[in-house]
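S.K.: please work out how this folds:
(one chain, ligands or ions: 1)
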Amino acid sequence: MKTGLKGSASNAAKAGRAASRALIFLVFLFPVLLFIIATDNLDSKTMARGNVQLANPEAELVRLPAPRHDSRFSLEKAIKMRRSVRQYKDSPLTLAEISQILWAAQGFTRERKEPPARWNPKYEWQGGLRTAPSAGALYPMEIYLLAGKVEGLPGGLYKYIPKNHALRKLAGADKRKALCQAALGQPQIEKAPAVILMAGVYERTSYKYGERAERYVHMEAGSVAENVYLQATALGIGTVLIGAFNDDEVKKAMSLPADESPLIIMPLGKIPGTPEEK
Ligand SMILES: Cc1cc2nc3c(=O)[nH]c(=O)nc-3n(C[C@H](O)[C@H](O)[C@H](O)COP(=O)(O)O)c2cc1C
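M.R.: This next block holds a predicted model:
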């Protein structure tokens, strides 16, 4: 009889312990589990960062106004007037001006659905031929925009996405000062309302061209830069090709992916002495 009582008492104690474990699970562990599931789901919806491709890379794209494909400012005039300009008005640039210059740099001029032969499968084919020539149409150039004073565009670091004619925001912080320091303190970088940084992905071109890729990528950077110079000139915007900088410092300051090498910096700002458009 006594043992029977003892047995039922120990059974009751066991049941009590199980109940309190279940309670602990409900109160503490269940919310933790829910949190883990929720954040995991959130992660898969977050934007791509650098080379990490996540599920919804379109999420944070800033669509740019459509670029013009004609103007009354002749090409001859732009070639004649092009000059390296290192001082800019304090006034902001417009999103339409930024759109036009980025299109001139690397925008699409013709659709091409299939990638060219010998395309490095590590990279995404964006689907078009572009404003500047590229060896094998492999397009190794990546264009970044550091926005300081651009109407309608919050300050920060952006990457130009040619296939969407859009900007992908990478960071909200103003990195012009850090880029200026990485470029021997050239003050025009910090003072310009916006700055373009061109980076080359050698692997995209060396996959087909081997050792010649390095010179090809550099040739292409020059073509892109001239497009930027001429388009900026036609818009009354000054720029200068900056090649003097410390590669590692630029890479670090801009958090560039490991396969991208900084090649050219081009600050952008209205040319002093030109009338403001109304
Ligand atoms: C490869 C290269 C690198 C350059 N690097 C710099 C630079 O770091 N800083 C700068 O202020 N200008 C730089 N320039 C701009 C030249 O100083 C400029 O093109 C030259 O003085 C001729 O003037 P122009 O462009 O007005 O015709 C560079 C130009 C080239 C082509």
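
S.K.: so how far is the strand ranked longest in the chain from its chain's centroid?
M.R.: In the chain, assigned by DSSP state E, the strand with the most residues is strand 261-270. Distance of strand 261-270 from its chain centroid, counting by CA atoms, centre = their mean, to the nearest Å, is 14 Å.

S.K.: check whether it contacts the ligand.
M.R.: No - on the criterion CB under 6 Å from any ligand atom, strand 261-270 is out of touch with the ligand, staying 7.7 Å away. The C-beta positions use only the backbone N, C-alpha and C, and glycine is treated the same way.

S.K.: grab the nearest non-local neighbour of residue 133.
M.R.: residue 223 (5.7 Å; CB to CB, 6 or more residues apart in numbering).

S.K.: what does residue 216 give?
M.R.: Using CB to CB, 6+ apart, the closest residue to residue 216 is residue 135 (4.0 Å).

S.K.: and residue 224, what element?
M.R.: Secondary structure from DSSP states H and E places residue 224 in helix 213-234.

S.K.: are the helix or strand just after that helix and the ligand in contact anywhere?
M.R.: Counting by DSSP H and E, the next helix or strand C-terminal to helix 213-234 is strand 237-239. No - contact of strand 237-239 with the ligand (CB under 6 Å from any ligand atom) is absent, the minimum separation being 9.5 Å.

S.K.: quickly list the domain ranges of this protein.
M.R.: Using automatic domain parsing, the domains assigned to the chain come out as 1-45, 64-270.

S.K.: looking at these, which is buried most?
M.R.: Mean neighbour count (mean count of other CB atoms under 10 Å) peaks for domain 64-270 among the domains of the chain, with a mean of 18.

S.K.: show me what contacts residue 150?
M.R.: 92-95, 98, 193-194 (CB atoms under 8 Å, 6 or more residues apart in numbering).

S.K.: near the ligand, which residues of this protein are found?
M.R.: 83-84, 86, 186, 240-244.

S.K.: my guess is residue 175 meets residue 252, correct?
M.R.: No - when contacts are counted by CB atoms under 8 Å, residue 175 is not listed as touching residue 252 (10.8 Å).

S.K.: and the gap between the residue lying closest to residue 263 once chain neighbours are set aside and residue 228?
M.R.: Excluding the flanking residues, the one nearest residue 263 by CB to CB, 6+ apart is residue 221, at 4.4 Å. Residue 221 sits 11 Å away from residue 228, going by CB to CB, to the nearest Å.
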